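Colleague: no sequence on this one, just coordinates:
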């Protein structure tokens, strides 16, 4: 029988209970709540130790818990371990041997059947580190023959079932949402959350402990004293702390109590079903759960608890990489706390000469010679009260380890110099002395890593330089660094393994977390084309920084002959793993995402057209594109707004140009989209012109669709009269929309250039309208897309404005013009600039003699009509005037025939006269014998 295989004797804590009750009366002056709380804590400790099933209380990622677990497992060697972890994560535990810690067990669901849709996607992570007690229990159970590991906490589905809908974004005790690069926006599950839920208590402890953060207080007053404590003392102290924090907390404990009922119910069921002797079992749970007051506590209890069924949500399970910094951010720990805990764990192993448990075959694990033989369970003996002695005697202070502190001081100076700090030997001495000084001020004989960090910052961090690591981060690197885990190839989902296999021809180690450059010469090595297709597909599905194309592009009908990529799949392994939850191949995942996008409640025609483009670019599937295109037609017909009109116009133009270049031509859905869009936008055009919430960009896009695709729409059976009626029914008030209406009427022939010029001249001459001229100009610039013939006129309008307006008007008006054009028509300005370049002279000496083209047009318009030049066309029309007369009568045009002028294009006739040989040879070839005139 071992010393620790014991049970608490009756009234073992009676003396402690009486002592604490007397202390509470002396403190408060009378019996009251303080005495009840202290007596209740002692009762919780007594209850936990008298339970037949041995309870091992732990704290999340605590090195003291890990060291105590190693000692207890080697001493007791239990045959069954019940672990506080979501029961449906059990299959993932086997895959830990294929990973480099830290990693996180993850449950992931995109289909939120039974849960509010705004919660999607659902994600739960449980980080595992080498120094944690739960990993030591897992490694012992998996590698020791005859040992069974049973996870007894509620399922991940129940995590969200029991989370109040209003508080889902801020889950209860032990569950914290995190938006970190490794864990993502997941709910974190920790085994043993020991932190006060009473703000005043935590503030009091930090103040009197002379520390900044809870992690530092915990390390000084719990971790260090318990690191070398015996097992009975460790258990009693941890249960006492769990009971204290449980009693002194604000908020509901309903979810924690339901979890405890769940776990005790599962353990009693398993023990009864398998006829297991509780003496050979071990229950590993958080210290707060060890002090549970629920009626289902203990094996002797027969209180029922009905476990609700899981929802219809389909959960996917996998392992994702984790890191010390991700765990700290997930659970609100101080920066570097987990790294310091790992260093404390390693030091405790060396000092206690302990051999930790490691999974066989795990990357980086040392080979162990022998496995522990499973010993029969031994009867338990009664234990004495170890808690009274622990609380009454002063803590044993560790002596100063000068060699360790001196090594830290020298190494941090060396590391600081490498990172650009002007540190010297004097700084190392100052850090050494300051660390001892700070430890003394904080009632510590031995400086802790936190004291060392503060001393290093004080002595080295004299200024901050952007882009340079700060000293606190250098201290974390020195004390162990931000260790980052990795999921092994065998533990990856099939999709992730498929991706790595298909990228093998690149010859890169994609498990590295650094960026790697891949060069693809697709012309000389066409075998790399599948790798290129996969990289572009992953670029579409993964975060943008996971794969970055340095050279090359991919679009509709566009391929590259050479590509260069920066690949960082190792750093974004979590995203790749989560991608594997959605399908067995990246092609299937993209197809599913595209289908979901076009069938979502908020789907629009623009989204559907984007899905069509992605289906063609990344999948090359004409069948899927036709299906998505049909959905785009339905969505366009159902829309009641034109907010996405610019995007729709841009994407349908691109798709039409692409299909016209293919052998099959336009598919049927494109034709239906054009006809539906023509009728749709004609119907909404008057409303869009009048509605204040519809901007000029949307109206311009509608006009661009109607005018740009009118020929195709009319050939497919649409009616031009519908567009004319829509324009006639439009009556805008906003200046930019008025300009767009004028442009539309000009394009339809309802407004001549002379009338348009007259209106704009009157606008520039009216002082009341001048402040709104930038808006008119913006409308005309946006009208260039539906009416390209207006480019010269817009140049004319701006030239007149700058030439005629006085400086008193022009200078205040100019900034508004620039900002308006930039905000509303920035993409059309380059074309306008090119038009101005064709209009104005390109050389400085010609500027003085330059005459604007619109001035020449006005002068020419005042003179008589220029006679048509003589030529074959005029001779043909003059010889047969009946056709022209009939057409003129039909159009209501009156006039008489004029005499033909001299033949035009004299340059051509002169050239033929000078060099007749070519024309003669061509005539001979064609058999033409007529003589040249």
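Modeller: On my side now, so go ahead. Just so you know, these numbers come straight off a predicted model, no measurement behind them.
Colleague: doesn't residue 123 fall inside a helix?
Modeller: No: counting by DSSP: H, G, I helix; E, B strand; the rest coil, residue 123 falls outside a helix, being strand.
Colleague: number of residues surrounding it?
Modeller: Using other Cβ atoms under 10 Å, residue 123 has 24 other residues around it. In this view, the C-beta of every residue, glycine as well, is placed from N, C-alpha and C.
Colleague: so it sits against residue 112, correct?
Modeller: No: the pair residue 123 / residue 112 is not scored as a contact, 11.3 Å apart, by Cβ atoms under 8 Å.
Colleague: sort out which residues of stretch 204-216 are buried, please.
Modeller: Neighbour counts over stretch 204-216 (16 or more other Cβ atoms under 10 Å) mark 206, 209, 211, 214-216 as buried.
Colleague: and what of stretch 51-69?
Modeller: For stretch 51-69, by 16+ other Cβ under 10 Å, it's 51, 53-69.
Colleague: what's the closest non-adjacent residue to residue 148?
Modeller: Spatially, and ignoring its direct neighbours in sequence, residue 148 is nearest to residue 80 (4.9 Å; Cβ to Cβ, 6 or more residues apart in numbering).
Colleague: quick check: phi and psi on the one you found?
Modeller: Recorded main-chain torsions at residue 80 are phi -140, psi 130, according to degrees, to the nearest 10.
Colleague: would you list every one of the strands in the protein?
Modeller: 6-8, 54-58, 80-86, 103-109, 122-128, 148-153, 175-180, 184-189, 281-286, 316-321, 381-383, 516-521, 547-551, 562-567 (DSSP state E).
Colleague: partners of the third one, with directions?
Modeller: Here strand 80-86 is paired, per DSSP bridges, with strand 148-153 (parallel), strand 281-286 (parallel).
Colleague: and the last one, by the same measure?
Modeller: With DSSP bridges as the test, strand 562-567 is paired with strand 516-521 (antiparallel), strand 547-551 (antiparallel).
Colleague: output those strands as TSV; include the columns mean pLDDT.
Modeller: Below are the strands paired with strand 562-567 laid out as TSV (pLDDT from 0 to 100):
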stretch	mean pLDDT
strand 516-521	90
strand 547-551	91
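Colleague: quick one: which of the strands paired with strand 80-86 is nearest residue 672?
Modeller: Checking the strands paired with strand 80-86 against residue 672 by Cβ to Cβ gives strand 148-153 as the closest, at 54.9 Å.
Colleague: quick check: buried residues in that closest one?
Modeller: Residues of strand 148-153 classed as buried by neighbour count (16+ other Cβ under 10 Å): 149-153.
Colleague: also stretch 556-573?
Modeller: 560, 563, 565, 567-573.
Colleague: can you check stretch 765-784 too?
Modeller: 770, 772-784.
Colleague: in CSV: those, plus distance to residue 820 and pLDDT.
Modeller: Compiled in CSV, the buried residues of stretch 765-784 are given as follows (distance: Cβ to Cβ, whole Å; pLDDT from 0 to 100):
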residue, distance to residue 820, pLDDT
770, 14, 82
772, 10, 85
773, 10, 84
774, 4, 83
775, 6, 85
776, 10, 87
777, 7, 84
778, 5, 83
779, 10, 87
780, 12, 88
781, 9, 86
782, 11, 87
783, 14, 89
784, 15, 87
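Colleague: from the middle of its chain, how far away would stretch 725-745 be?
Modeller: Centroid separation between stretch 725-745 and its chain, computed with Cα atoms, centre = their mean, to the nearest Å, is 43 Å.
Colleague: stretch 744-761: end-to-end distance?
Modeller: Stretch 744-761 stretches 19 Å from its first residue to its last (Cα to Cα, to the nearest Å).
Colleague: contact partners of it?
Modeller: Stretch 744-761 is contacted from outside by 703, 707, 723-724, 727-728, 730, 742, 776, 783, 786-787, 789-790, 793, 796-797, 800, 854, 861, using Cβ atoms under 8 Å, 6 or more residues apart in numbering.
Colleague: quick one: average confidence on it?
Modeller: Stretch 744-761 shows a mean pLDDT of 90 in the predicted model.
Colleague: cool, and stretch 216-233?
Modeller: pLDDT averaged over stretch 216-233 gives 82.
Colleague: so which bits of that stretch are buried?
Modeller: By neighbour count on 16+ other Cβ under 10 Å, the buried set for stretch 216-233 is 216-220, 222-229, 231-233.
Colleague: in CSV, list the strands paired with strand 562-567 along with distance to residue 750 and mean neighbour count.
Modeller: Listed next are the strands paired with strand 562-567 as CSV, based on distance: least, Cβ to Cβ, whole Å; neighbours: other Cβ atoms under 10 Å:
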stretch, distance to residue 750, mean neighbour count
strand 516-521, 55, 15
strand 547-551, 48, 15
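Colleague: quick one: closest of those to residue 599.
Modeller: strand 547-551 (28.0 Å).
Colleague: picking up where we left off before, could you export the strands paired with strand 80-86 as JSON lines, including distance to residue 160?
Modeller: JSON lines is the format used below for those (distance: least, Cβ to Cβ, whole Å):
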{"stretch": "strand 148-153", "distance to residue 160": "14"}
{"stretch": "strand 281-286", "distance to residue 160": "20"}
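Colleague: those: which one's closest to residue 356?
Modeller: Per Cβ to Cβ, nearest to residue 356 of the strands paired with strand 80-86: strand 281-286, 15.7 Å.
Colleague: what comes into contact with the closest one?
Modeller: So strand 281-286 is contacted by 53-60, 69, 72-73, 76, 78-84, 133-134, 137, 174, 190-194, 242, 263, 267, 271 (Cβ under 8 Å, 6+ apart).
Colleague: let's see 7 Å
Modeller: By Cβ atoms under 7 Å, 6 or more residues apart in numbering, the residues outside strand 281-286 that reach it are 53-58, 76, 78, 80-84, 133-134, 137, 191-193, 242, 263, 267.
Colleague: same thing with stretch 709-722?
Modeller: By Cβ under 7 Å, 6+ apart, the residues outside stretch 709-722 that reach it are 671, 674-675, 678-679, 682.
Colleague: likewise stretch 556-570?
Modeller: 508, 510-513, 515-523, 532, 535, 545-553, 576, 613, 616-617, 654, 658, 661.
Colleague: and if we set it to 6 Å?
Modeller: 510-513, 515-516, 518-523, 532, 535, 546-552, 658 (Cβ atoms under 6 Å, 6 or more residues apart in numbering).
Colleague: show me the contacts for the residue positioned nearest the centre of the chain.
Modeller: In the chain, the centroid-proximal residue (Cα atoms, centre = their mean) is residue 543; its distance is 6.7 Å. With contacts defined as Cβ under 6 Å, 6+ apart, residue 543 is in contact with 572, 575.
Colleague: ok, it to residue 472 distance?
Modeller: Distance of residue 543 to residue 472, given as Cβ to Cβ, to the nearest Å: 28 Å.
Colleague: just residue 34 next, same as before
Modeller: Using Cβ to Cβ, one obtains 39 Å as the distance from residue 34 to residue 472.
Colleague: now do residue 777
Modeller: From residue 777 to residue 472 the distance is 56 Å (Cβ to Cβ).
Colleague: before we move on, what about residue 648?
Modeller: For residue 648, the distance to residue 472 (Cβ to Cβ) stands at 52 Å.
Colleague: equivalent analysis for residue 271, please.
Modeller: For residue 271, the distance to residue 472 equals 49 Å [Cβ to Cβ].
Colleague: more crowded one of these two?
Modeller: Ranked by neighbour count (other Cβ under 10 Å), residue 271 and residue 472 place residue 271 first, with 19 against 14.
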